[in-house]
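Enquirer: Dropping the sequence and predicted coords here.
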Amino acid sequence: MRRLHVITPGVVHQQARQALRRSIDWKPFHQSVSVDHLLDLLLLMAASTASLFATVRRFFSFSHQTASLAVKANLPERQNIGWLTRGLVNALYDVAAFSRKDRQRSWMVAIDTHNVPYYGTPTPDVVGGPKKQGTKQFFCYATAVLLHKRRRYSIALEPVFPNTKPHEIVRVLLDQIMEKGLKIRGVTLDSAFDSGDTLLLLQERDLAYSVPLRRKGTGSNARNRCFEGRHGLVRWVEWTTDKTRCRVRTRTFLWKGHLKTMVFAFQGWSGDRARNVHEQANQSRRLYRRRFGIETSYRQKNQAQARTTSRDPIYRLLLEGIAYLLRQIWVMLTEILARQAHAPANAWIGGLTLQQLVDWLVHELTKLHPETQEITGKTAGNQTNGS
């Protein structure tokens with residue numbers, strides 16, 4: 001664990017710039033835009049939740065067209081989006097700085113997808129979904145987050161494209177985590193991942209899991225019969241997947257609450273972690289309730305999300321990754337504060353909020369790049385820009 005005795009806006013800026021610099025091999029753009037200016041531009045966009053056009057016009061001497069070309073010159077082609085994804089994931093791990101002890105322990109993880117609303121002309125990279133914030137079109141991203149108090153690090157990130165199956169998303173994220181040397185003991189997923197292929201993948205990797213099941217149709221079938229019976233009922237359920245025709249067998253736990261009935265598919269823990277199947281079932285439900293950590297990460301990420309109307313999935317992935325990177329820095333700094341204060345494991349560290357961190361970052365960046373306090377006739381008119 002690195003030592004930072006005093007956290008200041010300068011420290012936040014230094015950490016953010018170094019982390020972003022390590023994400024990809026940044027190059028200056030001609031003589032107009034240096035690497036430091038490019039990194040500061042992207043960080044200021046994220047911290048102020050503004051677009052490239054608005055940020056450049058207020059704080060930088062070069063034009064927004066030049067800035068847009070500088071960013072695009074550093075990004076890969078569409079077919080090499082995996083290169084950018086790996087760079088952003090590497091930066092997330094560089095910030096977290098997991099120790100050897102961290103890599104020896106087994107972690108509980110939440111996996112989910114996050115939809116970012118899109119209002120433009122449909123593109124092949126946009127996914128559909130229920131109406132949200134006035135649109136049914138989204139750019140979608142899948143992430144994995146550690147379910148550990150004060151260490152809710154984002155440890156996997158992947159863009160999701162149309163027709164991607166749930167088990168394919170889970171496989172990619174688990175592979176990313178494995179490549180980084182972290183051990184996973186259990187996974188909790190939302191009901192959107194309740195496919196038989198997903199459960200078979202988790203069983204194949206011998207992972208504990210908790211996945212709520214959805215009803216399938218209105219008739220009587222193996223899935224719907226899971227919702228019948230007494231509260232707390234644990235039983236085996238079997239069905240065959242529709243396309244691959246593979247046999248799925250899992251235990252389920254019936255939970256009848258005041259407002260809704262839920263069925264959790266689960267695979268328990270061996271050894272002394274669970275004495276019997278009912279204790280395993282209750283552990284699976286408690287694990288699912290802890291998945292709010294990944295929902296919270298999306299709300300926090302939005303506090304450092306630059307705005308754009310661009311159709312370019314590469315550029316959008318970059319902005320998404322920077323938002324997670326700033327959140328990752330905040331998690332790292334609050335972990336340091338907690339350890340240096342010898343705070344109890346369940347204590348909340350409120351000395352540095354995420355909003356305070358992004359405010360500090362804006363303060364530091366605007367000192368380095370003072371706002372242009374003049375409006376000319378050329379820039380005062382109505383303008384639109386896709387960046």
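Expert: Thanks, I have it.

Enquirer: Quick one: the helices in the stretch 151-300 of the chain, in order.
Expert: Ranges of helices within the stretch 151-300 of the chain are 166-179, 196-204, 222-225, 277-289, 292-301, based on DSSP state H, counting those that start in this stretch.

Enquirer: so which of the ones you listed gets nearest residue 101?
Expert: helix 166-179 (17.0 Å; CB to CB). To be clear about C-beta, it is placed using only N, CA and C from the backbone, and glycine gets the same treatment.

Enquirer: chain center to that closest one: distance?
Expert: Averaging C-alpha positions (CA atoms, centre = their mean, to the nearest Å) puts helix 166-179 13 Å from its chain's average.

Enquirer: can you check stretch 228-241 too?
Expert: Counting by CA atoms, centre = their mean, stretch 228-241 is centred 32 Å from the centre of its parent chain.

Enquirer: swap in stretch 195-208?
Expert: 21 Å.

Enquirer: got a pLDDT number for the residue most central in space within the chain?
Expert: Nearest residue to the geometric centre of the chain (CA atoms, centre = their mean): residue 143, 3.9 Å. Here the pLDDT value assigned to residue 143 is 97.

Enquirer: about what we covered before: so for residue 135, which of the helices of the stretch 151-300 of the chain sits nearest?
Expert: Closest approach to residue 135 among the helices of the stretch 151-300 of the chain (CB to CB): helix 292-301, 17.0 Å.

Enquirer: Which one, of the helices of the stretch 151-300 of the chain, ends up nearest to residue 19?
Expert: In terms of CB to CB, the element of these nearest to residue 19 is helix 292-301, at 14.8 Å.

Enquirer: From the contact counts, what lies against that closest one?
Expert: strand 106-117, strand 135-146, helix 313-340 (3 or more CB pairs under 8 Å, 6 or more residues apart in numbering; DSSP states H and E).

Enquirer: That helix to strand 106-117, inter-axis angle?
Expert: Relative orientation of helix 292-301 and strand 106-117, computed by axes from the mean of the first three to the mean of the last three CA atoms, to 10 degrees: 40 degrees.

Enquirer: what bits of the stretch 251-387 of the chain have low per-residue confidence?
Expert: In the predicted model, the stretch 251-387 of the chain carries pLDDT under 70 at residues 269-275, 342-350, 373-387.

Enquirer: Enumerate every residue touching residue 300.
Expert: Applying CB atoms under 8 Å, 6 or more residues apart in numbering, we find residue 300 in contact with 327, 330, 354.

Enquirer: please redo it, this time with the cut-off set to 6 Å
Expert: Residues near residue 300 by CB atoms under 6 Å, 6 or more residues apart in numbering: 327, 354.

Enquirer: Domain ranges for this protein, per the record?
Expert: 9-79+307-380, 191-290 (automatic domain parsing).

Enquirer: Ok, which of the ones you listed comes nearest residue 170?
Expert: Taking CB to CB, domain 191-290 is the member of these nearest to residue 170, at 5.6 Å.

Enquirer: In contact with the residue nearest to the centre of the chain, which residues?
Expert: Residue 143 neighbours (CB under 6 Å, 6+ apart): 154, 157.

Enquirer: returning to that earlier point: ok, which of the helices and strands packed on helix 292-301 comes nearest residue 262?
Expert: The closest of these to residue 262 is strand 106-117. By CB to CB, the value is 16.8 Å.

Enquirer: Show me what that closest one is packed up against.
Expert: On a contact count with 3 or more CB pairs under 6 Å, 6 or more residues apart in numbering; DSSP states H and E, strand 106-117 meets strand 135-146, strand 183-189, helix 292-301.

Enquirer: try it again with 7 Å
Expert: strand 127-132, strand 135-146, helix 166-179, strand 183-189, helix 292-301 (3 or more CB pairs under 7 Å, 6 or more residues apart in numbering; DSSP states H and E).

Enquirer: now these in a markdown table, with distance to residue 117?
Expert: Below are the helices and strands packed on strand 106-117 laid out as a markdown table (distance: least, CB to CB, whole Å):
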| stretch | distance to residue 117 |
| --- | --- |
| strand 127-132 | 6 |
| strand 135-146 | 5 |
| helix 166-179 | 20 |
| strand 183-189 | 23 |
| helix 292-301 | 13 |
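
Enquirer: Looking at the ones you listed, spot the one closest to residue 247.
Expert: So among the helices and strands packed on strand 106-117, helix 166-179 is nearest, using CB to CB, at 15.3 Å.
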